[in-house]
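>>> Sharing a model that was predicted from the sequence below.
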Amino acid sequence: MMTVDYAYKTKDDNCIACHNPRGAADKKPVSGGHKMGKIEAHDKYKYLTQKDGEYYIYCSTCHTVHNNGPKKGDEGTIQNSFLDKKITAVNGNFCAGCHEDQKTLTTSPHNVQKFEKNTDKVAKLKAANDTCGACHEVHGDGGYYLFSKSYGKDFEKICSSCHNTDGIASKTAITSSHKMNVKPKKEMNIYLQDGNIVCATCHEPHGPEKGMLRDMGEKNICFACHSDQKLVDMTKHNLSRLDYLSDKDKKKAAANVCYACHTPHNFHKENRLMWAYKQDGKTPFSFEMCTDCHKADGVGFKKVPEKTTHDRIFKIFPYREKFKENLFDDSGKVSAEGSITCQSCHNPHVWKAGTIEASATVEGDISNSFLKKDVKDKFCSVCHGETNAKNLFEKYHDKKFRDNRSQLNRKMLEAEVLKNLFEIQHNLEKIEGQK
Ligand code: HEC
Ligand code: HEC
Ligand code: HEC
Ligand code: HEC
Ligand code: HEC
Ligand code: HEC
Ligand code: HEC
Ligand code: HEC
Ligand code: HEC
Ligand code: HEC
Ligand code: HEC
């Protein structure tokens, strides 16, 4: 006799015969939801149903049908919907019985028992101790990772369904974030969605630690992708290394050296570069990115250069495209239409170009001071000639030097520049002619 029990062990068992909108269990229809059927990568999982050397999930892999049901008239929960108690017993959580990797959720801020806001849904989940159910619906509408289908594959929607100003996680509402849906510059073994960075790239939603950040093999998660900026750690721009600053400033940088200038979330929407300061809307950002600190009442008060600007003369410069790496627009972006800004000469992440010298206690001079390489020889001298360029570059912030200079006849100087331009043109033509 073919027992009912045997029939249960096929893909949809016989359960759907009743658990459909027209069946005997029409109030409890089951359609989409948790993965069913054959499991290829079965090594990770216990409790799968074995048949002919293959591994499957059937309804009856999770459900026992005759044991552990709800009391008559009660709604079943994750504790008692005819579920296999053996699986729950392993880690004290039915789902984590198979999903060992996610058992860390118990001590995570994402454990529903720790949620402060008690909505109806949260109260119900707490009562049933249904920690996974806060996000995953085992018999839901078959959405991405068992989330509601209405979110699609969009993590910003999935996460912000709680992390918004009215949501369950309003205390940690997220209004802006690090660039999303961009590809890392190198091949990495991390969580990506179609190759792109999403919320779950940096966050392990089941993670136990504060911040729930993924381990990317670096002491600072930002280093993992931004090796060019990592050197800032050993410089004065690591504010945690400057004894004279307030504990508040030092603590922020000690948590993460980048936070002094870039904040991963909730910067003003119009801010570029995840800028940690509120922008005043008057100073161009290309200057504000330094003067937010390098001003009398900023944390960089010890070093406020007196003279910082260069004439915006580039409209007469015919080689803007060629030298655009040295030119920046008001928003701080490289631009052939731009001018000389702080970024033309300085890279705030690298103390001494080409070396990894530590510098937190070194007084800066023209050989370091976050200066870029070759700016003087390959750029300033184009217009100013070699000898002048050296002086103009090295004494760029020197008020006395510059004040004295401006006594001279500017017309003459401009003529000199134009003369140089003529020479450069001549040189460039010569070089190009040889090719
Ligand atoms: C002969 C019809 C029939 C079959 C076959 C059947 N069920 Fe049911 N099942 C019911 C009915 C009727 C209820 C009570 C529904 C209600 O509470 O409205 C029920 C209740 C349940 C409940 C409890 C729901 C709750 O939380 O209150 C679970 C879980 C369940 N069935 C699982 C299964 C599984 C798994 C199978 C297949 C292995 C299965 N059933 C096969 C008819 C059936
Ligand atoms: C991965 C494990 C797993 C599999 C596979 C599974 N279920 Fe469930 N099922 C659960 C859990 C857990 C619950 C309790 C959910 C809750 O109450 O929050 C549940 C609840 C139910 C309920 C009650 C739903 C309700 O609305 O109260 C029914 C009916 C049910 N399952 C039927 C099925 C059927 C039919 C299948 C096969 C098609 C199946 N289940 C496969 C884990 C599973
Ligand atoms: C009997 C073991 C078992 C139980 C119990 C179980 N799962 Fe799974 N789960 C699996 C397997 C196996 C897979 C598929 C893995 C694969 O395909 O590589 C899976 C896949 C998943 C996925 C990934 C889905 C996707 O679309 O990629 C999620 C999310 C998930 N389970 C959540 C849960 C939740 C929540 C529960 C508890 C309600 C649960 N699981 C209970 C075995 C189980
Ligand atoms: C706060 C929401 C949230 C809660 C609570 C939650 N998850 Fe998840 N889970 C996610 C998100 C988001 C993903 C997709 C990103 C990822 O894989 O990390 C996911 C992915 C998964 C996956 C697929 C992992 C993979 O590598 O393919 C499994 C399995 C899973 N969760 C199981 C669980 C279990 C078991 C619980 C309860 C112990 C749980 N989740 C609780 C949000 C949550
Ligand atoms: C590039 C990495 C990265 C990405 C992408 C990212 N985050 Fe974060 N997130 C962080 C870091 C770093 C922190 C700070 C953690 C700490 O220091 O405690 C953080 C903190 C948070 C916090 C806690 C905020 C608080 O006030 O304590 C939440 C919530 C959060 N992120 C949600 C999200 C959401 C939602 C997304 C996607 C829209 C996302 N994150 C994308 C890196 C990232
Ligand atoms: C079901 C609601 C819910 C969903 C969905 C959710 N979170 Fe949370 N999350 C919370 C709650 C509640 C807290 C605790 C802090 C609070 O109450 O604001 C929290 C805290 C966090 C924290 C801060 C942990 C700490 O250090 O205190 C991070 C980071 C975070 N979530 C990231 C995410 C990311 C990324 C996603 C999407 C993958 C996500 N969350 C989806 C509810 C949720
Ligand atoms: C998984 C890799 C990854 C991690 C981790 C990461 N980033 Fe990024 N970051 C990127 C990519 C990719 C871009 C986009 C580059 C582009 O658009 O050219 C980017 C862009 C940026 C930008 C420029 C944003 C803009 O508006 O142009 C800043 C600043 C930044 N990241 C800072 C950080 C900080 C601070 C952290 C640590 C909290 C961090 N990143 C962690 C990959 C990452
Ligand atoms: C003292 C302030 C400061 C600190 C600390 C700092 N940055 Fe920056 N960062 C800036 C400024 C100013 C810019 C814009 C000028 C530039 O691109 O050099 C910038 C630009 C960037 C860019 C965009 C570069 C590009 O080419 O578009 C990335 C990425 C970045 N920073 C990442 C980081 C990371 C990661 C950390 C921590 C390891 C960090 N920064 C620490 C001030 C800082
Ligand atoms: C978060 C605040 C902050 C930002 C933003 C910032 N700095 Fe600084 N910077 C400092 C502090 C603090 C020092 C240490 C001053 C000291 O003790 O010598 C410093 C030191 C320096 C020094 C070395 C001084 C010396 O001679 O030893 C230079 C050069 C410098 N900054 C240039 C810049 C430039 C250029 C930018 C913009 C691209 C910038 N900084 C953005 C805070 C900042
Ligand atoms: C033309 C190149 C150039 C430009 C543009 C430039 N700097 Fe400098 N900066 C230098 C040089 C060279 C030094 C090293 C001078 C020394 O220490 O003798 C320096 C030193 C500094 C110092 C340390 C000063 C001290 O007292 O020790 C700070 C702070 C600084 N620059 C900030 C800035 C800011 C902010 C901007 C943009 C508003 C900027 N610089 C634009 C070339 C430049
Ligand atoms: C496109 C040609 C051009 C380039 C390239 C150029 N300058 Fe100039 N610079 C000028 C002109 C024209 C003036 C105005 C005439 C004058 O004061 O010499 C000027 C003026 C100056 C002044 C005096 C400004 C004042 O207000 O006193 C300094 C200092 C200076 N340049 C430094 C530099 C440095 C350093 C570089 C390289 C980062 C550089 N310039 C690149 C054309 C250029």
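Received the coordinates, thanks. Ligands and ions are numbered 1, 2, ... in the order given.

>>> Mind telling me what element the one residue in the stretch 301-435 of the chain that gets nearest to ligand 9 is part of?
Proximity of the stretch 301-435 of the chain to ligand 9 (C-beta to the nearest ligand atom) peaks at G364, 2.5 Å away. From N, CA and C alone the C-beta is placed, and that goes for glycine too. Counting by DSSP states H and E, no helix or strand carries G364.

>>> What parts of the stretch 101-250 of the chain come near ligand 5?
Where the stretch 101-250 of the chain comes near ligand 5, counting by C-beta under 6 Å from any ligand atom, the residues are 155-156, 159-160, 163, 172, 174, 177-178, 197, 199, 201-203, 210-211, 213, 221.

>>> which ones are touching the residue of the stretch 301-435 of the chain closest to ligand 9?
By C-beta atoms under 8 Å, 6 or more residues apart in numbering, the contact list for G364 reads 303, 370.

>>> where does this structure have low pLDDT?
1-13, 313-315, 406-412, 431-435 (pLDDT under 70).

>>> So which bits of the stretch 151-300 of the chain are right by ligand 10?
287, 290-291, 294.

>>> next one: the stretch 301-435 of the chain
Counting by C-beta under 6 Å from any ligand atom, the stretch 301-435 of the chain sits next to ligand 10 at 303, 305, 308, 340, 342, 344-346, 364-366, 369, 371, 393-394, 396-397.

>>> Now do stretch 84-95: distance to the chain's middle.
35 Å (C-alpha atoms, centre = their mean, to the nearest Å).

>>> contacting residues around that stretch?
Residues contacting stretch 84-95 (C-beta under 8 Å, 6+ apart): 46-47, 61-64, 67-68, 78-79, 83, 96-98, 100, 102-103, 105-106, 129, 131-132, 136, 138.

>>> how about that stretch: buried residues?
84, 87-88, 91, 93-95 (16 or more other C-beta atoms under 10 Å).

>>> One more: stretch 211-218?
Residues of stretch 211-218 classed as buried: 212, 214, 216 (neighbour count, 16+ other C-beta under 10 Å).

>>> same deal with stretch 191-204?
Under 16+ other C-beta under 10 Å, the buried positions of stretch 191-204 are 193, 197-204.

>>> K372 contacts C345, correct?
Yes: if you go by C-beta atoms under 8 Å, K372 and C345 touch, sitting 6.0 Å apart.

>>> Tell me which of the two has more neighbours.
Per other C-beta atoms under 10 Å, whichever of K372 and C345 has more neighbours is C345, with 19 against 16.

>>> Count the neighbours of whichever residue of the stretch 1-150 of the chain sits closest to ligand 9 for me.
Closest to ligand 9 within the stretch 1-150 of the chain is P109: 28.6 Å, counting by C-beta to the nearest ligand atom. By other C-beta under 10 Å, 15 other residues sit near P109.

>>> Just give the nearest non-adjacent residue to it, would you?
M212 (6.7 Å; C-beta to C-beta, 6 or more residues apart in numbering).

>>> Looks like L245 contacts G300 (just checking).
No: counting by C-beta under 8 Å, L245 sits too far from G300 to count as a contact (9.9 Å).

>>> which residues touch the residue nearest in space to the middle of the chain?
Nearest residue to the geometric centre of the chain (C-alpha atoms, centre = their mean): H178, 4.2 Å. Listed by C-beta under 8 Å, 6+ apart, the contact partners of H178 are 197, 202, 264-265, 274.

>>> distance of the residue of the stretch 1-150 of the chain found nearest ligand 11 from C199?
In the stretch 1-150 of the chain, the residue that lies nearest ligand 11 is P109 (48.8 Å; C-beta to the nearest ligand atom). Going from P109 to C199 by C-beta to C-beta, to the nearest Å gives 15 Å.

>>> Could you check how many residues crowd around the closest residue to ligand 1 within the stretch 1-150 of the chain?
Proximity of the stretch 1-150 of the chain to ligand 1 (C-beta to the nearest ligand atom) peaks at G76, 2.3 Å away. As a burial measure, G76 scores 15 neighbours (other C-beta under 10 Å).

>>> Tell me the spacing between it and L83.
8 Å.

>>> same question, N388
From N388 to L83 the distance is 82 Å (C-beta to C-beta).

>>> Please enumerate the strands of the stretch 151-300 of the chain.
Counting by DSSP state E, counting those that start in this stretch, the stretch 151-300 of the chain yields no residue ranges for strands.

>>> how long is stretch 364-382 from one end to the other?
Stretch 364-382 has an end-to-end distance of 26 Å (criterion: C-alpha to C-alpha, to the nearest Å).
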